[in-house]
Structure formats: C-alpha cells, structure tokens
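Student: Take this sequence and fold it.
(2 chains)
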Amino acid sequence: AQRVTQPEKLLSVFKGAPVELKCNYSYSGSPELFWYVQYSRQRLQLLLRHISRESIKGFTADLNKGETSFHLKKPFAQEEDSAMYYCALKASGSRLTFGEGTQLTVNP
Amino acid sequence: KAGVTQTPRYLIKTRGQQVTLSCSPISGHRSVSWYQQTPGQGLQFLFEYFSETQRNKGNFPGRFSGRQFSNSRSEMNVSTLELGDSALYLCASSLDRDIRGTEAFFGQGTRLTVV
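Tutor: Got it, this is the predicted structure:
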C-alpha cells in the first residue's frame, strides 16, 4: 500500500524567506508525485508534477528515490503563496493518495 | 472550457437518509474519481470510474457507491447516512487514467452535513 506523509501541518515564514514543504512517501513501485495547492475559497489545483521537472510560480520539487521524498521549495516566499499544500502520489489509474496537507502562511 | 462541475454545492440531510451527488467532468475527460475531505482524515479516495466501469475503490463501507454514465458524468450515492459522513465530497476528472503525469482537475465540492 502507498502512503504519503507531510510532517508539518502548519508552516509560517516571512516574505522573502526561503520555504520548504516536506513530503515523504512509501511505495514499492515507481510512483508519480504531485503537489496540489488550495488557495482560500478556491478549488484544489495542480501546482507541479515530478515528471515535468518544471518550476511553477517559483516553486520546484525534486523526486529523491533514495530518501523517498518530494520536498517543495521556493527560494523567496511571497504573501500570495499562503495556501494549503498537498503532496500526492499516483500509483495506478487515476487514484491519488494525499498527504495530510501543510498550511503555509507567508507573513508580511 | 468549463471546469468540473459538482451539484449541489451544499446539502443537509438527516441520519438514516440517502443522498446522491453529481459530477460533470471536463468535456473529453473519461476518468472520474471521488474523494472525501474531512478535517480529521484529510483527503481520502472513494472510487474511480473510467468508461462506465469502477476501476478502483477506496476503503469505505458498501453504503458508498457510485456510477458513471456514457457521457462520463458520474454520481455517487451514500445510503443510511451517519453523522460521520459529514464532509466535503470532491470529484476530479482526468483525460485518461494510465498516462504518466496526467493532471486531475477538481470540482469545488459538495458540502454534506448530516444532522
């Protein structure tokens, strides 16, 4: 069975500071990892996926298979980054296994 | 193009009743998944439908069921409602189910309150 762990429920940083949201997973096969974000009063939406190796809104995430991690990073946080962030794993089909989520607050 | 649409947005039901929630996926998307979101349990997978067939099922009791129609629209049903079924129910649609990196698009959810 697959499992996703986000150890921090709450994370607070100041504007301009670096931010890292941690995500660890357990899965015996070759997983697909995603980060989804939910801004206040908006629907859950994709932020980035490991397979694309992209940078979205300044965020990046690298899949580390040795450490089974997929941490989300941004060098300089902005106030508009305040949101709920979910790490998700897709093992088969369209089924996503989500972590518990991290509420990020960026203070002015 | 229109996003994933869920109806109704809010529902209040009494214990013991049943409820049906509806999801219209993005046009052309064939895969529909359902999730239950609660403060205590987070986002939990309910089931996945593709081409009118259930392909995956989460760890929920048989009171939770669903179906998908030929136009990919999906419904989920909860019978004999319990207080613990109060949650936000999210529907997600994807273009396909086995293509790596396929994005899931979420609806705004149906907020179900059981009293």
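
Student: measure stretch A:56-72 end to end?
Tutor: Stretch A:56-72 has an end-to-end distance of 11 Å (CA to CA, to the nearest Å).

Student: who's the residue minimising distance to the centre of chain B bridged to?
Tutor: For chain B, B:Trp34 is the residue whose C-alpha lies nearest the centre (CA atoms, centre = their mean; 3.0 Å). Beta-bridge partners for B:Trp34, by DSSP bridges, are B:Phe47, B:Cys91.

Student: Now do the same contact list for it.
Tutor: B:Cys23, B:Phe45, B:Leu46, B:Phe47, B:Glu48, B:Gly66, B:Ser74, B:Met76, B:Tyr89, B:Leu90, B:Cys91, B:Ala92 (CB atoms under 8 Å, 6 or more residues apart in numbering or on different chains). Any C-beta I mention is one placed from the backbone N, CA and C, and that applies to glycine too.

Student: Make a markdown table from those and add pLDDT and neighbour count to it.
Tutor: Output for those, formatted as a markdown table (pLDDT from 0 to 100; neighbours: other CB atoms under 10 Å in any protein chain shown):
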| residue | pLDDT | neighbour count |
| --- | --- | --- |
| B:Cys23 | 98 | 27 |
| B:Phe45 | 96 | 20 |
| B:Leu46 | 97 | 22 |
| B:Phe47 | 94 | 22 |
| B:Glu48 | 94 | 26 |
| B:Gly66 | 97 | 22 |
| B:Ser74 | 98 | 25 |
| B:Met76 | 98 | 22 |
| B:Tyr89 | 98 | 23 |
| B:Leu90 | 98 | 23 |
| B:Cys91 | 97 | 28 |
| B:Ala92 | 96 | 26 |
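
Student: Would you check how far apart the residue nearest to the centre of chain B and B:Val4 are?
Tutor: Computed as CB to CB, to the nearest Å, the B:Trp34 to B:Val4 distance reads 11 Å.

Student: ok, which residues in chain A are in contact with chain B?
Tutor: A:32, A:43-46, A:49, A:51-52, A:86, A:92-101 (CB under 8 Å from any CB of the partner chain).

Student: ok, of these, which come out buried?
Tutor: A:32, A:43-44, A:46, A:49, A:86, A:93-101 (16 or more other CB atoms under 10 Å in any protein chain shown).

Student: I'd assumed A:Tyr25 was in contact with A:His71.
Tutor: No. Counting by CB atoms under 8 Å, A:His71 does not reach A:Tyr25; the two are 11.1 Å apart.

Student: okay, the two: which has more neighbours?
Tutor: A:Tyr25 (21 against 18; other CB atoms under 10 Å in any protein chain shown).

Student: contacting residues for the spatially most distant residue from the centre of chain B?
Tutor: Residue farthest from the centre of chain B, counting by CA atoms, centre = their mean, is B:Arg100 at 22.1 Å. Listed by CB under 8 Å, 6+ apart, the contact set of B:Arg100 reads A:Glu32, A:Ile51.

Student: wait, A:Leu48 sits on A:Leu33?
Tutor: No. Using CB under 8 Å, A:Leu48 makes no contact with A:Leu33, being 9.4 Å away.
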